[in-house]
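Peer 1: What shape does this take:
(2 chains)
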Amino acid sequence: MPRLYPFTWLLAGLLASSAPAWAQQAPAPTLSGDFRNLRFEEFARRVEAQTPYRFYFQPAMLDSVTVHVQPSGLPLVAVLRQVFEHSPLRYAVDEATNRVFITYEYPLQTQLPSGLFGDEPAGGSAPPDPANGATAGPAPGQPAQVGTSEFRLYEVGRQQGLPATGRATLAGVVRVGKEPAVGVAVFVESPNIGTATDKQGAYSLSLPAGRYNLTIRGLGVRTTRRQISVRGSGRLDLEVLPAATSLREVVVKGDKQSNVRGMQMGVQKLDIKLIKQVPTVFGEADLLRVVTALPGVKTIGEGSTGFSVRGGGTDQNLVLFNGATIYNPAHLFGFFSAFNPDAVQSVELYKSAIPVRYGGRLASVLEIEGREGSRQKFGGSGGIGLLTSRLALEGPLGGGKGAFLVSGRTSYSDWLLHQVPSPALQNSAASFYDLSAYLTYDLGPNNSLAATGYLSHDRFRLASDTIYEYRNTAASLRWKHTFSPKLAGSLTGTYSRYGFNLKTTRNEFAASTFDYEISQASLQANGSYLLHAKHTLDFGASSLLYNTAPGNQQPLGDKSLLLPTLIQHERAVESAVYAADRFDISPRLAVVLGLRYSFFQALGPRQVTEYLPGLSRSQSTATGTTDYAGGQVLASYGGPEWRLSAKYELTANSSVKASYTRTRQYIHQLTNTTVVSPTDSWKLSDKYIRPQVGDQYALGYYHNFKQNTVEFSVEGYYKRIHDFLDYKSGAVLLLNPNLETDVVNAEGRAYGVEVLLRKNVGKINGWLSYTYARSLVQVNTPTDVVNGGSWYPSNYDKPHDVTLVGNYRFSRRFNAALNFNYSTGRPITLPLAKYYIDNAYRVYYSDRNAYRVPDYYRVDLAVNFEGNHKIKKLAHSSWTLAVYNLTGRRNPYSVYFQSQGGQIKGYQLSIFGQPIPTITYNFKF
Amino acid sequence: MRRFLASVLRWSAPGGLLLALAACVDPYMPPVLDANANYLVVDGFLNGNGRTRISLTRTTNTAATSAPPPERGARLTLVDDAGTRYPLTETSPGRYRSDSLLLSPARQYQLRLTTSAGVAYASDLVPLKITPAIDQCRWRLANNQVQLLLSTHDATQASRYYRWGFVETWEFQSAFESELEYRGGRLDYRITPIYTCWRTERPSAIRQASTAQLSQDAITDLQLLSLGSRTERFKIRYSALVSQYTETPAEFAYYELLRKNTEAVGGVNDPLPTQLSGNVHRLDNPAEPVLGFVSAHTVQQQRLFINRQDLPLLNNLAYDTPYRDCTLSKAVAGLDFSRPDIVAIRQDTAGLLVSSAACADCRLRGTNVKPSFW
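Peer 2: Take a look at the predicted model:
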């Protein structure tokens, strides 16, 4: 838009101020008299008689014009302005030669801007009078004229010098200041003729005679143009301005419109940059905590990273790190997520319309993509916080063909604990670390390899008698191959292992160790084929082998009298084949028809207990056992998983999407608490424990505002979950050889609406979301009933949720982030009364989850100071100051009841019951 | 294992450690807990061979410290499915007793009651379960644990579900034998024995078992209790009275839930407790919670004794008794012996020795009256 202004001014100058501009030379003649009711020809004749002006016009064009003016001492231009005020005719006055030109619609340009050839005026490009012709072109041998202005017309060559071909050669040097500009494009658009400058900045163009806009564009040069009039061959040096280098990186955004145009719904992608802005309790960027601030995702407890997506359980989320499953993505009771923020590129959460290539969990897929190391130079980054420090190193491999990034993080909370003046805490210990490595390598234009290794480890001891340890190990290797421009594929092998271990030494006669382990190895092949302009096929197959060692308790030390207990191992194969077709029916309407067929086989060797049919499974209904040999299938399940979605674009900025997603889950987490705890184990489906099946219907409206910088969406969903695991009261989950007797199959349903307003760029960014969501459970089997078989709120049922994640950038070096979170309190079962029966006081409980804990409300604030932006210094650093729970509200983390002297008293424990300030130092080199 | 884990989880749920800096505990008393919980509690069973004893109380709210209020002046009747009525009479506030009855196992029975306020309740009709005799109740020593083992069988295969109750009684001695007694305003030779007493406990643990999965309705050497051999119980003489009841499957399930509900008091991180009431209903409002399960069965009992000599002989000091830390001290001048917490022990060459009542007076932990069965 601003580019138009010079032209507007030029025009105005030509029309209105040409007279005063030239008035210095000779006083302009003025007009007086009565020129009413005159034909224009007559008017012109009378003006010519009164003044030295001569009119040039086509009489036929003006024969209908009647002049009706009565000037007294007005300059001619003022009179002409009056005459042609409401007419399409334009006039131009050349004061130097006293010629007046009347033209239709466009005024004739009578001169070049001042200063071009001294003050010498020049004629228009095609004046009828040749007398004042080509005077401007420098004679050969003279120094070339220099084109510095966009607003002047530069004339090149003499008409006489035009060769017989009719083309003139224009040559010269482009300079930025005194330096030649190398490799800069110099071109005219019509006809399309152009060239690039050589090492000396020289250019040469062959053009027919005529007038052109010559554009100069190139790296380090501010794009500009010169108006030239080529009459014959000649030289024109061009002086241009350097392009100011922006300090800000260049971001190429490909998904700005994905909110509206993409097929996905219920998907949120978070960039690590945004994650790092959000204040956290210990000052360290925590991607899982930011994920829990998204609509539809509920946290379970304040410190916990366990989360529930759209009413699903904490075990129904598939957490992938570069394709490998991570079973326990939390450190230290869940106060930290187990991913180093320096090793992460982005996080993507699928809540509905899960693509066919993912499967195995009901509620969501959380895909964490590792950051690729720099292919240019060796570097590093890290941070020092109150409890943890981290470091990442990266650099090129094979001369820029690949890159590596290794990162590590460790805590020193052990040291901190010992500073606390409490004997119980001094006897406690808590430490963790995680390591990750990510290697990428291009074997050629069509082949690339990526390898990932991941390890996280936690170890803690509470009040000196039990040591807990748990460990995630994961590795993946991915080979991507492009067969043709239309067909691309990838092959991924992954291995994941999760295990925990308890060592109890409270009593040396009962000292024991307990081990749990699950491992999985998988192979997955994916392909993508562009079948047709309107059809894109995604297809693939995967197979996964599980092995679990559900429990092994052994005596610890020579004095221990404990008898060893070993729960038999489990083994199973989960496989799937899948394909999806994206069909663009019209530019506005597209559908994805996807089907994933998954099947599961529980394999021997195993001994399976048989129960009386039709009765609640318990020790009392067991009838005997059956032995299955190694590799023998003892149970198999399978079924289709439909993944259907459709999108219709209402306008360029808004769309409606709908989807139906079915998912099946063959592995179940066993937890008798709702918080993810280190003793949670995983159980494979078997003869008695059926896979969980979920169906989700979702409908959404999406709208982008302000050039796609503001995204708005409303999504509604309805979900049914079949056969998820619930527990009988007092279920024993660890070291239980007959787990099927303690679990029941429950039905779940969830529904809700999520409203999200999100702004990703600009000084103010972040999102505001509101969620209304219900999550209900029903246990009503012939043998086991909870709450009389009616629907009751699940542990994740928190109907109202408002979240604001906001960030304001005051300057390049200073920004502030604010978090606001409100949600309804979680359901709880309360002891309503106590009574005395059978020689003891007993407690009468309410219906399960009939009451709620107080509402949750929290505000956090963080400010981030960057060091200066000098290029040459040892390390770039930043400081983050944050206050978690600014208002100091005591949100209940846990509500519990204790019996004290015959009274049952309720307590609420707030872990972060006061503002917690933190400071973190981050650096990058 | 589970209990241990539960306790650790409770520990870890506070996340105690480093967060002690910021963590805080506030009382939590939602309005519903303040509401005056006042449900009827029916405790007892219909005895097929003897007196039926039913105790009626009301629930209290969880913070209450007082004993549960008895429900007085109710009219209770044991009724069979043929309409025969056997009334119960109130013997003490809230306690009701029938005559000694011999009920027919061919009938079903229920308890009907009307409170003094005129509200009528009834338990579900239940069959009368005839409990087979206890074949043997014995004990054995294993790994320094004294295990009580029980064997029983029902040739008619009709019992299948069993529950046991215990009454433990043991003889014990206080830390020091007092020879002196404050009587008539001065110290005199002791007349009231306070050195040897008998303590009786009724463990509230619910113990039951089923033979439903066995081909024979027989239980052999089921471990009912396991007690450390060093406990005070075995220092002199120990006795246990085991009562055996046969149950219906419904009653078995009820007690199973009651047992699990009692083990952990419900917090957010504890296993989910169950709302459990029983089989008694208010006639005009079945939705009102009434607590208690009224069953009908006969009772079989057997008593067992364990003497100190029966166990490997231990040094006196090896036993865990609450008197381990007791000490004697010399009386200071002007000590007021009328104080109930002071007991004079004996006159020694060193002077007058005294100890605390908790260490010297066994009646604080039992009775000095020898039980009739001893």
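Peer 1: List phi and psi for B:Gly228.
Peer 2: The phi and psi values for B:Gly228, taken as degrees, to the nearest 10, are phi -60, psi 140.
Peer 1: what residues are up against it?
Peer 2: B:Asn144, B:Gln145, B:Val146, B:Asp320 (Cβ atoms under 8 Å, 6 or more residues apart in numbering or on different chains). In this view, the C-beta of every residue, glycine as well, is placed from N, C-alpha and C.
Peer 1: again with B:Arg346
Peer 2: Shown in contact with B:Arg346 (Cβ under 8 Å, 6+ apart): B:Ser178, B:Glu179, B:Leu180, B:Leu352, B:Leu353.
Peer 1: Report the strands that pair with the helix or strand A:Gly540 falls within, each with its relative direction.
Peer 2: In this structure, A:Gly540 sits in strand A:535-555 according to DSSP states H and E. Next to strand A:535-555 in the sheet, as set by DSSP bridges, lie strand A:512-532 (antiparallel), strand A:565-566 (antiparallel), strand A:570-584 (antiparallel).
Peer 1: Out of those, indicate the one that is most buried.
Peer 2: strand A:570-584 (a mean of 20; mean count of other Cβ atoms under 10 Å in any protein chain shown).
Peer 1: Would you map the helices across chain A?
Peer 2: A:4-16, A:18-22, A:40-50, A:59-62, A:76-83, A:258-261, A:272-277, A:287-291, A:413-419, A:423-426 (DSSP state H).
Peer 1: Which residue, other than its chain neighbours, is closest to B:Arg233?
Peer 2: B:Trp170 (4.5 Å; Cβ to Cβ, 6 or more residues apart in numbering or on different chains).
Peer 1: Let me see the mean pLDDT of the host helix or strand of that neighbour.
Peer 2: Using DSSP H and E, B:Trp170 sits in strand B:161-173. What strand B:161-173 shows for mean pLDDT is 92.
Peer 1: quick one: the residue of the stretch 1-150 of chain B found nearest chain A and A:Asp847, what's the gap?
Peer 2: For the stretch 1-150 of chain B and chain A, the shortest gap (Cβ to the nearest Cβ) falls at B:Ala37, measuring 3.3 Å. Applying Cβ to Cβ, to the nearest Å, the value for B:Ala37 to A:Asp847 is 14 Å.
Peer 1: The nearest residue to A:Phe810 once chain neighbours are set aside - how many residues pack around it?
Peer 2: Nearest residue to A:Phe810 in three dimensions, chain neighbours excluded: A:Ala816, at 6.9 Å (Cβ to Cβ, 6+ apart). A:Ala816: 16 surrounding residues under other Cβ atoms under 10 Å in any protein chain shown.
Peer 1: Touching, A:Ala816 and A:Tyr808? I think so.
Peer 2: Yes. Here A:Ala816 reaches A:Tyr808: they are 5.3 Å apart, a contact under Cβ atoms under 8 Å.
Peer 1: got the contact list for stretch B:118-128?
Peer 2: Contacts to stretch B:118-128, defined as Cβ under 8 Å, 6+ apart, come from residues B:40, B:42, B:46, B:48, B:81, B:103-105, B:107-115, B:248, B:251, B:278-284, B:290, B:294-298.
Peer 1: Just the buried subset of these, please.
Peer 2: B:40, B:42, B:46, B:48, B:103, B:107, B:109-115, B:248, B:251, B:278-282, B:290, B:294-298 (16 or more other Cβ atoms under 10 Å in any protein chain shown).
Peer 1: For A:Thr197, grab phi and psi.
Peer 2: Phi and psi for A:Thr197, reported as degrees, to the nearest 10, are phi -70, psi 150.
Peer 1: quick one, what contacts it?
Peer 2: A:Thr197 neighbours (Cβ under 8 Å, 6+ apart): A:Val173, A:Val174, A:Pro180, A:Ala181, A:Val182, A:Gly183, A:Val184, A:Val186, A:Tyr203, A:Gly218.
Peer 1: Now with 7 Å, please.
Peer 2: A:Thr197 sits next to A:Val174, A:Ala181, A:Val182, A:Gly183, A:Val184, A:Val186, A:Tyr203 when contact means Cβ atoms under 7 Å, 6 or more residues apart in numbering or on different chains.
Peer 1: and what of B:Ser229?
Peer 2: Residues in contact with B:Ser229, defined by Cβ under 7 Å, 6+ apart, are B:Leu141, B:Asn144, B:Gln145, B:Val146, B:Leu311.
Peer 1: Buried members of the residues you listed into PyMOL, please.
Peer 2: Applying 16+ other Cβ under 10 Å to these, the buried members can be selected in PyMOL as follows:
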select buried, chain B and resi 146+311
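Peer 1: Mind picking the two most distant members of the contacts of B:Ser229?
Peer 2: Distances among the contacts of B:Ser229 were taken as Cβ to Cβ; the most separated pair is B:Gln145 and B:Leu311, at 11.2 Å.
Peer 1: Without its sequence neighbours, what residue ends up closest to B:Leu328?
Peer 2: The shortest distance from B:Leu328 to any non-neighbouring residue, by Cβ to Cβ, 6+ apart, is to B:Leu353 (4.7 Å).
Peer 1: Remind me which helix or strand the one you found belongs to.
Peer 2: strand B:351-356.
Peer 1: Enumerate the positions of that strand that are buried.
Peer 2: B:Leu352, B:Leu353, B:Val354, B:Ser355, B:Ser356.
Peer 1: And those residues, which is closest to A:Ile689?
Peer 2: Using Cβ to Cβ, B:Ser356 is the member of these that lies nearest A:Ile689, at 58.5 Å.
Peer 1: what's the nearest residue to the closest one if we skip its chain neighbours?
Peer 2: Using Cβ to Cβ, 6+ apart, the closest residue to B:Ser356 is B:Asp341 (6.0 Å).
Peer 1: Within reach of chain A, which of the contacts of B:Ser229 are there?
Peer 2: Applying Cβ under 7 Å from any Cβ of the partner chain to those, one finds that nothing falls near chain A.
Peer 1: pLDDT and secondary structure added to the contacts of B:Ser229, as a markdown table?
Peer 2: As requested, the contacts of B:Ser229 are arranged in a markdown table below (pLDDT from 0 to 100; DSSP: H, G, I helix; E, B strand; the rest coil):
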| residue | pLDDT | secondary structure |
| --- | --- | --- |
| B:Leu141 | 88 | strand |
| B:Asn144 | 82 | coil |
| B:Gln145 | 86 | strand |
| B:Val146 | 90 | strand |
| B:Leu311 | 85 | coil |
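Peer 1: if we can go back for a sec, avg pLDDT for the strand holding B:Leu353?
Peer 2: Mean predicted confidence for strand B:351-356 is 88.
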